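Chemist: Turn this into a model:
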Amino acid sequence: MERATQDETALELLVHGVGGTTPDQMLGDPRTVRISGDDTAAVFRRTEDADAERRPDDYRGKPVPEAYVWCNLTSGNGSRALWLLLLPFMVVNLAHWMRPISRHRRPLVRTYGLLVRLTGLTLTVLLVAAACEVALDLMAWQCAGTPECAADRAWLGFLAADEAGHGGWWSQPGRRLALAALLPATLTGLLWYLSHRTWSAYESQQPLPHQLDAEEEETTRTALGRPGFWYGRRLVARLRAAHTAAGLLTVAAAVGASAARHDRRPGGPALLDLLGWALVLTLVLGGGAVVWVVCRRGRSEHRLDRKLDRALVRGLPLAALALLVLTFVYAGWSRPGWRSEGRLPGDATFGGIALVQGLLVIALAVAAHCLYRTSPDARTAIRGLGGPAVAMLACALGGVMSGGGAQRVADWLDGTQGSIAGPPVLLTWQASVIPPLLVVVAVLCGWLGLRTLQRKRREMTKVLLDYPGEPKDSARTRRIAGTRARAALTDRAPLLVGIISAVTLLLGAGALAGAWLTEKVPAKAVQGTPDIVEGAGETSQALGSWLIGFGFILFVTWGRRAYKDASARRTIGILWDVGTFWPRAAHPFAPPCYAERAVPDLTWRMAAWTRATSATGGHLVISGHSQGSVLAAAAAWQLRPSVRRRVALLTYGSPLERLYGRWFPAHFGPAALTSLHREVDCWRNLHRPTDPIGGPIGLRGDCGPQVDRAALKDPLAYGRTEAHPLPAPIHGHGDYQADPAFAEERARLLARLKAVVPSPRPAATEAVTPAPADPPDTAG
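Modeler: Below is the predicted model of the structure:
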């Protein structure tokens, strides 16, 4: 085997993980300089290494270290705090990528993607409907139409009418609704703007131009290696237009439906009645057009699709906006005898959305189960039902945010006076099922706590075996064993998510049935029942209303703190590090995908280095910690095979198999990771039993030991020794460089790299044969 000589130049490219860090910490030198990139993401070197290419003799036998810093992609300025409002959209987008591995089931793959996209569309409608509930129903319809409520709100005075129905020009219900509709319409416009702006700032980076090598076979590559995987401009633009139009049509329906219902009364003006029916028909046709656009096309991954459907992208939102303006004119027409009483028809709206979401989640579960049966794998989370479970949680988050906002605004407007009807009955029912759900969560947490204690006892025996000959210290042993036991809780997450999602679906169905059958809030619906049932209903409603309001306030407070506090913003950034790795394939208003910037950055850097140093056999080690290891793997897949074989991969604290392999099996399953191992020059992975995120890659056959080093000891020393006179810390997920094994593996990789491109590595014994990459979710 030909080894690299000392005359060759090597590059060590470091990629940090979740939470971010600074270049001086990564490079171990306070003097660093940016050599490429911008304020959002950049590559840094030590100042003394800035001109390393001009001094190759100074780097014989040692690599040139570089640090790729991408943390500002997720936790930069204060505007990132606004992304908390997009949390349900981010979660449903994750469901798209949790599809199980499939074999030759292209129609079913398309169906799965279609169902997730439709679920995402319902979340947009739900969010805008919630804004309409607050602005149109609670403020403009109920409070401004009730003298007792409007009297305490001076800023609503110009909208209010007296008990006889007399008031200013804006006091007519249709005009009040049209004016209040500016709030949800502005929210829709803001979502469009954020989606368009973040695309330009994050995801508009084009991947490295990809030309297939003669020996490259598409059937051996994961979908992450496809030329268009990290460039979804066309789909995002189409979805952005469709969701923007859906939001505007929702506002138009909330304004126009009330006026049309009034005009249909006996003796009403015939012209307005006709216009009302025309408006309803146009809204139905517009909704059908939106659904068609969402269903028509999925992602294009096999090629870099630079085409943009400009007529659709511009025409659909503008047509919806024009219809909204016409609806304002129609609703603002003078109707002297119109009075606002009771509620707007919110129960039918929110009930319809909840019903459609439930049916979509069930259909998605059926599709996921059928896909899983084509290629079952016991390591897949929830037996392939991870996507439907997460989609259910996204719908629940949207419901909590909608109900919480409406409940708090109603309490603020009316307090305890009871002068207005308040939010729809269904929202009260949905809040009332929160306490039973929390009881289930508490039981699960208690069960997990018991299992953790049992595992801790078992780990105490293993700890003593890992540190033989050391004086026993029961407190130290319990601390190490407890850390290991808590780290293992990550592997229980699929069970927890599955049970919570199933219970949420059942409770949501019960809330929907209760609201529709009784048309009363729970406390009134249970009147006349046995005392225990009546007491449970009243307690659940009161506690649920308090909890959903508290959750909404906590959510707003967290966002406000993140806006002002950089450290809190970095904490929230950890959530985005994990949740926004994937492209926006199901929802265009989800937070932007940082990997569509980071992966091309890393790919271009590695390709440029190997190309510039090809005469001397340039090679490199890409070293990724935590989420950085996922970025490193994704970037390696984007390289040409001839370049990929000159790259060594060092991962530590890596979630590639433990999280991504189980939750996203279609892209990080055993076949994909085995293929990566065979296509790079060498891959070594470090992990600890105390790490709650990272773990072994766990490849089968001879591939396993070739990639995974035996679990590292953590702490390095049990007690005080000459090498560690002070107690050694338990590092868990961080500071892998403190372990001597890190330097050993790093040196081993640098010594192994070949100067000459090797021939393809033969298949390892019992290695997983890479399955053909699943087809992209394309339609039409």
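Chemist: The host helix or strand of residue 408 packs against which elements?
Modeler: Using DSSP states H and E, the element containing residue 408 is helix 386-414. Secondary-structure packing of helix 386-414 (3 or more C-beta pairs under 8 Å, 6 or more residues apart in numbering; DSSP states H and E): helix 87-97, helix 106-132, helix 346-374, helix 425-432, helix 493-518, helix 531-564. Using the backbone N, CA and C atoms, a C-beta is placed for each residue, glycine as well.
Chemist: who does the first one touch, helix- and strand-wise?
Modeler: Right, the one you point to is helix 87-97. If contacts are counted by 3+ C-beta pairs under 8 Å, 6+ apart, helix 87-97 sits against helix 106-132, helix 386-414, helix 566-579.
Chemist: one more time with 7 Å, if that's ok
Modeler: Judged by 3 or more C-beta pairs under 7 Å, 6 or more residues apart in numbering; DSSP states H and E, the packing partners of helix 87-97 are helix 106-132, helix 386-414.
Chemist: and the next element down the chain from the helix or strand bottoming out on mean pLDDT in the chain?
Modeler: Least confident helix or strand, the chain: helix 566-579 with a mean of 62, by mean pLDDT, DSSP states H and E. Toward the C-terminus, helix 566-579 is succeeded by helix 595-612 as the next helix or strand (DSSP H and E).
Chemist: in that next one, what counts as buried?
Modeler: 595-607, 609-610 (16 or more other C-beta atoms under 10 Å).
Chemist: Quick check: which of the helices and strands packed on helix 386-414 is buried the most?
Modeler: Of all the helices and strands packed on helix 386-414, helix 425-432 carries the top mean neighbour count, a mean of 28, counting by mean count of other C-beta atoms under 10 Å.
Chemist: Any chance you could list what contacts it?
Modeler: 347, 350-351, 399, 403, 406-407, 511-512, 514-515, 519-522, 540-541, 544-545, 548 (C-beta atoms under 7 Å, 6 or more residues apart in numbering).
Chemist: hmm, 6 Å instead?
Modeler: 347, 350-351, 399, 403, 406, 511, 514-515, 521-522, 540-541, 544-545, 548 (C-beta atoms under 6 Å, 6 or more residues apart in numbering).
Chemist: and it, average pLDDT?
Modeler: Confidence for helix 425-432, expressed as mean pLDDT, is 90.
Chemist: How far does it sit from its chain's centre?
Modeler: 26 Å (C-alpha atoms, centre = their mean, to the nearest Å).
Chemist: between that helix and helix 106-132, how big is the angle?
Modeler: Between helix 425-432 and helix 106-132, the angle comes out at 100 degrees (axes from the mean of the first three to the mean of the last three C-alpha atoms, to 10 degrees).
Chemist: In terms of model confidence, name the weakest of the buried residues of helix 595-612.
Modeler: residue 610 (83).
Chemist: That residue is in contact with residue 643, isn't it?
Modeler: Yes - using C-beta atoms under 6 Å, residue 610 is in contact with residue 643, at 5.2 Å.
Chemist: okay, the helices and strands packed on helix 87-97 in CSV with mean pLDDT next?
Modeler: Output for these, formatted as CSV (pLDDT from 0 to 100):
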stretch, mean pLDDT
helix 106-132, 95
helix 386-414, 89
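Chemist: Any chance of the ones you listed in CSV with distance to residue 91 as columns?
Modeler: Output for these, formatted as CSV (distance: least, C-beta to C-beta, whole Å):
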stretch, distance to residue 91
helix 106-132, 9
helix 386-414, 4
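Chemist: Could you say which helix or strand holds residue 179?
Modeler: Using DSSP H and E, residue 179 falls in helix 173-180.
Chemist: Check the offset of that helix from the chain's centre.
Modeler: 36 Å.
Chemist: What residues sit buried inside the next helix or strand along the chain from that helix?
Modeler: Using DSSP H and E, the helix or strand that directly follows helix 173-180 along the chain is helix 182-198. The neighbour-count check on helix 182-198 (16+ other C-beta under 10 Å) flags 183, 184, 185, 187, 188, 189, 191, 192, 194, 195, 198 as buried.
Chemist: gap between the first one and residue 481?
Modeler: When distances are taken as C-beta to C-beta, to the nearest Å, residue 183 and residue 481 turn out to be 55 Å apart.
Chemist: Kindly report the same for the second one.
Modeler: Here the distance between residue 184 and residue 481 works out to 54 Å (C-beta to C-beta).
Chemist: repeat for the fifth one
Modeler: Separation of residue 188 from residue 481 (C-beta to C-beta) stands at 53 Å.
Chemist: same question, the last one
Modeler: Counting by C-beta to C-beta, the gap from residue 198 to residue 481 is 44 Å.
Chemist: same question, the third one
Modeler: Distance, residue 185 to residue 481, by C-beta to C-beta: 57 Å.
Chemist: Could you point out which residue ranges in the protein have low pLDDT?
Modeler: 1-9, 75-83, 162-166, 200-205, 210-221, 346-347, 416, 558-576, 614-618, 754-780 (pLDDT under 70).
Chemist: Show me which residues of stretch 721-728 are buried.
Modeler: residue 728.
Chemist: For stretch 362-371, which outside residues touch it?
Modeler: So stretch 362-371 is in contact with 100, 102, 108, 111, 112, 115, 384, 385, 387, 388, 391, going by C-beta under 6 Å, 6+ apart.
Chemist: any chance of these in TSV, with distance to residue 468 too?
Modeler: As requested, these are exported to TSV (distance: C-beta to C-beta, whole Å):
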residue	distance to residue 468
100	44
102	48
108	54
111	56
112	51
115	55
384	43
385	44
387	46
388	48
391	49
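Chemist: List just the nearest of those residues to residue 708.
Modeler: Lowest distance from residue 708 to the contacts of stretch 362-371 (C-beta to C-beta) belongs to residue 100, with 24.6 Å.
Chemist: Tell me who's in contact with the residue nearest to the closest one when sequence neighbours are not counted.
Modeler: Nearest residue to residue 100, sequence neighbours excluded (C-beta to C-beta, 6 or more residues apart in numbering): residue 384, at 3.7 Å. The contact partners of residue 384, by C-beta under 6 Å, 6+ apart, come to 100, 368, 372.
Chemist: Sticking with the residue lying closest to residue 30 once chain neighbours are set aside, tell me its helix or strand.
Modeler: Excluding its sequence neighbours, the residue lying closest to residue 30 (C-beta to C-beta, 6+ apart) is residue 24, at 4.8 Å. Secondary structure assignment for residue 24, by DSSP H and E: helix 23-27.
Chemist: residues making contact with stretch 57-76?
Modeler: 6, 10-15, 20, 23, 26-27, 40-45, 49, 52, 569-570, 573, 576-577, 594, 598, 750.
Chemist: Would you mind checking those residues for buried ones?
Modeler: 10-15, 20, 23, 26-27, 40-45, 49, 52, 569-570, 573, 576-577, 594, 598, 750.
Chemist: Show me the contact partners of the helix holding residue 24.
Modeler: 14, 30, 32, 44, 46, 65, 67, 69.
Chemist: Need the max-distance pair from the residues you listed.
Modeler: Largest pairwise distance in those, by C-beta to C-beta, is 16.1 Å, between 14 and 30.
Chemist: can you name the farthest residue from the center of the chain?
Modeler: residue 267 (52.5 Å; C-alpha atoms, centre = their mean).
Chemist: Show me what the helix holding residue 179 is packed against.
Modeler: Applying 3 or more C-beta pairs under 6 Å, 6 or more residues apart in numbering; DSSP states H and E, we find helix 173-180 packed against helix 233-263, helix 310-331.
Chemist: Determine which stretch of those helices is the most buried.
Modeler: Ranked by mean neighbour count, these are led by helix 233-263 with a mean of 25 (mean count of other C-beta under 10 Å).
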